[in-house]
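Q: Predicted coordinates and the sequence they were generated for:
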Amino acid sequence: MRKFFKLLILMTLVALAAWLWVSHVPAREPLSGTVEVDEVHVGPRFGGRIEKLPHQEGDELQAGDAIAELDAQELTARRALAAAQLEEMEHGPRPSEIEAARQDWESLKAQLVFAQADAKRATGLLASRVLSSSEAEKTISTADALVKSAEAARNRYELLREGTRPERIAQARAQLADIDAQLKEMRIVAPGHSILEVLSVKVGDVLAANREVATLILPDHLWIRVYVPATWLGDLRLGQKAELRVDGIKDKVFYGTVEQINREAEYTPRNVQTVEDRVRQVFGVKVRLENSDGALRAGMSGEVTFPGLSMPVPNERLIPWPIR
């Protein structure tokens, strides 16, 4: 019995020691990385000559601020022509044009009545052998031609009364919208809050379509990429919270969210230093950072921790990773 109690006490002490050891195992080590920023490369979709450059490199821009303006005199002239044609189609024929078409139709109808009467009389005279067949055929042919002319005049009159076809008006509007889109591309603007980092052109430069004019950085879109061992992947999730501490700003924690976890492993990430680390299999993790106070800057170095991964784990430095 005493042996049993001794064994029970020993097992209890072992379990207590194990619990104490587990509860004091440090969190997973922080991961180093460099703060980076999203970039935007802007340029016109159509070619032109640079006319104005309102801003210089380093200027802070807001949404809609002009970065470059291109000369578009020929487009302005084309737009004026297209707008005038569209206005003419929308107004339709003038009343005087419609009235002239009606009078032409009425005139041909009157001529047709006399021609048909002459053709009928010529047919009777031909039957009586008073009129030659050639003259009778000429009279009948004149009446038939007037029938077609009168019908064509009536159709013209009806078309003028109905006005311009809706399809033609739609085509004219589409053409005008296309020119407006090209004119809009002649003014290159900032898509949002940004900083003009690189201006690649000068006033007077002639640009081809889709050529880059400037590079903008978005200070509100900062992120950092760190590389985690494969053993961490089972605990990492998209949307998981992360904390960042940067060099030069002590006692301040920045927060972020896991935005991307690479599916393919890497063996030599750029921010590792030792041979032991380079032979590890690691996965890139992109963390989107919050920067409401503007304290973070691209290029800052720091360390990232994941509060949700603070459970005890084996020390990854002791795991022998295969060299490939």
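A: That came in fine, so what should we check first? Just so it is clear, the structure is predicted and the values come from calculations on it, not from any experiment.

Q: only C-alpha atoms for contact and neighbour calcs from this point on.
A: Noted.

Q: Which stretches in the stretch 151-300 of the chain count as helices?
A: Remark: helices assigned in the stretch 151-300 of the chain by DSSP state H, counting those that start in this stretch are 166-185, 275-278.

Q: okay if I get these as JSON lines plus distance to E290, mean neighbour count and mean pLDDT?
A: As requested, the helices of the stretch 151-300 of the chain are arranged in JSON lines below (distance: least, Cα to Cα, whole Å; neighbours: other Cα atoms under 10 Å; pLDDT from 0 to 100):
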{"stretch": "helix 166-185", "distance to E290": "33", "mean neighbour count": "15", "mean pLDDT": "90"}
{"stretch": "helix 275-278", "distance to E290": "29", "mean neighbour count": "14", "mean pLDDT": "52"}
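
Q: Take those helices and write them to CSV, including distance to V113.
A: Formatted as CSV, the helices of the stretch 151-300 of the chain follow (distance: least, Cα to Cα, whole Å):
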stretch, distance to V113
helix 166-185, 36
helix 275-278, 103
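
Q: which residue ends up closest to the midpoint of the protein in space?
A: Using Cα atoms, centre = their mean, the residue of the chain that lies closest to the mean C-alpha position is P191, 11.2 Å off.

Q: residues in contact with that one?
A: Taking Cα atoms under 8 Å, 6 or more residues apart in numbering as the criterion, P191 is in contact with Q62, A63, G64.

Q: gap between it and V206?
A: Using Cα to Cα, to the nearest Å, P191 is found at 23 Å from V206.

Q: one step back: just the closest of the contacts of P191 to S292, please.
A: Nearest to S292 out of the contacts of P191 is Q62 (Cα to Cα; 16.3 Å).

Q: pretty sure that closest one is in contact with H193, am I right?
A: Yes: applying Cα atoms under 8 Å, one finds Q62 in contact with H193, separated by 4.4 Å.

Q: centre of the chain versus the host helix or strand of E74, how much separation?
A: Element membership for E74 (DSSP states H and E) is helix 73-91. Centroid separation between helix 73-91 and its chain, computed with Cα atoms, centre = their mean, to the nearest Å, is 28 Å.

Q: pLDDT (mean, whole number) over it?
A: For helix 73-91, mean pLDDT rounds to 87.

Q: contact partners of that helix?
A: Applying Cα under 8 Å, 6+ apart, the contact partners of helix 73-91 are T164, R168, I169, A172, R173, Q175, L176, I179, D180, Q182, L183.

Q: same check, this time on stretch 169-188
A: The contact list for stretch 169-188 (Cα under 8 Å, 6+ apart) reads 42-46, 48, 66-72, 75-76, 78-79, 82-83, 85-86, 89-90.

Q: List only buried entries from those residues.
A: Neighbour-count burial (16 or more other Cα atoms under 10 Å) applied to these gives 42-46, 48, 66-72, 78-79, 82-83, 86, 89-90.

Q: where does the stretch 51-200 of the chain dip in pLDDT?
A: 126, 128, 130-131, 136 (pLDDT under 70).

Q: residues touching G33, list them.
A: G33 makes contacts with I224, R225, V226, N271, S301, G302, E303, V304, as judged by Cα under 8 Å, 6+ apart.

Q: Check which helices and strands the lengthiest strand in the chain sits against.
A: Among the segments of the chain that qualify as a strand by DSSP state E, the longest is strand 214-229. If you count contacts as 3 or more Cα pairs under 8 Å, 6 or more residues apart in numbering; DSSP states H and E, strand 214-229 packs onto strand 31-42, strand 194-199, strand 282-289.
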